[in-house]
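J.: Following is a predicted model, sequence given first.
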Amino acid sequence: MFDLERVRQQFNNRINFREKRQGILQLIAPFYHEDGDMIDIYVQQSPDNPEMIRICDYGMTVQHLSYNYEINSPARERTYQQMIAENNLFEQDGNIYCDTNIDGIYSSIFQYQQAVSKISSMRYFQRETIKDLFLEQLDDYIIHEYQRYNPVKNYTPISNQDAYEVDYYLTLPDNHRPVYLYGITSADKARITAISCHEFARNNLRFNSIGVHRDFEGLPRKDRQRITNIIDKQFTGLEEFRTTSENYFQHLIH
């Protein structure tokens, strides 16, 4: 299928291959999950292109994850698919794979094992799912509780500049300034929010800005300072937003 000795030499002879069945080799290498189990990696000729080599796991990553964590909700499924896509992998019926050529197999195997290690990490998966659930819950609350403010998702205040987007545009009555509301789940999102609000102000837009944080205290100090200096109102958590935001809206109106 390919020159096994050449691949071994690329790894300084620290790996080996074991034939599982005809045409399918299991990689024996010092790659491990967080719990110490060896990561299951297989190589074979790509069924899509006989000139390429397929690196895959035959569903073993999902099986390993399932020992402690089931992908049993739309939010978890989205997180799972997002992690696969972000690592330039593909998935079919639980089998996570990528295709490469012999020249790229060394770097591809390293990238593959790092990706499946991340995907199989329950700790990482839970963190991403909590972030995703925060956005779902925020969306649900705004759409159902603030319909009177005609919420518009993913609004672009400046024509032809979709890099500066608002999570929710809310219209206040009696020609009061509209509300630009952001759900902030990370330092990156805090920075994007600050940059966007600065750009809106630079373009002389009239608006009230609100940030709802998943974990305000978890942001780096400089990001907390930056967003505090530019945004009008911040809610440090979803529960605070649910219980006190209406009072703030009434303050803006009156």
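T.: Ah, there it is.
J.: just so I have it, where are all the strands in the chain?
T.: Under the criterion DSSP state E, the chain contains strands at 16-21, 24-28, 42-45, 53-56, 90-92, 95-100, 152-155, 166-170, 179-184, 208-213, 233-235.
J.: Single out the most deeply packed of these.
T.: Comparing those by mean neighbour count (mean count of other Cβ atoms under 10 Å), strand 179-184 comes out on top with a mean of 25. The C-beta positions use only the backbone N, C-alpha and C, and glycine is treated the same way.
J.: before we move on, back to that, arrange the strands of the chain in JSON lines, one row each, with distance to Ala201 and mean pLDDT as further columns.
T.: Formatted as JSON lines, those follow (distance: least, Cβ to Cβ, whole Å; pLDDT from 0 to 100):
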{"stretch": "strand 16-21", "distance to Ala201": "60", "mean pLDDT": "90"}
{"stretch": "strand 24-28", "distance to Ala201": "54", "mean pLDDT": "93"}
{"stretch": "strand 42-45", "distance to Ala201": "54", "mean pLDDT": "94"}
{"stretch": "strand 53-56", "distance to Ala201": "49", "mean pLDDT": "95"}
{"stretch": "strand 90-92", "distance to Ala201": "43", "mean pLDDT": "94"}
{"stretch": "strand 95-100", "distance to Ala201": "44", "mean pLDDT": "96"}
{"stretch": "strand 152-155", "distance to Ala201": "16", "mean pLDDT": "95"}
{"stretch": "strand 166-170", "distance to Ala201": "13", "mean pLDDT": "97"}
{"stretch": "strand 179-184", "distance to Ala201": "11", "mean pLDDT": "97"}
{"stretch": "strand 208-213", "distance to Ala201": "9", "mean pLDDT": "97"}
{"stretch": "strand 233-235", "distance to Ala201": "15", "mean pLDDT": "97"}
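J.: So which of these is nearest Ser117?
T.: strand 95-100 (11.6 Å; Cβ to Cβ).
J.: Thanks a lot, see you next time.
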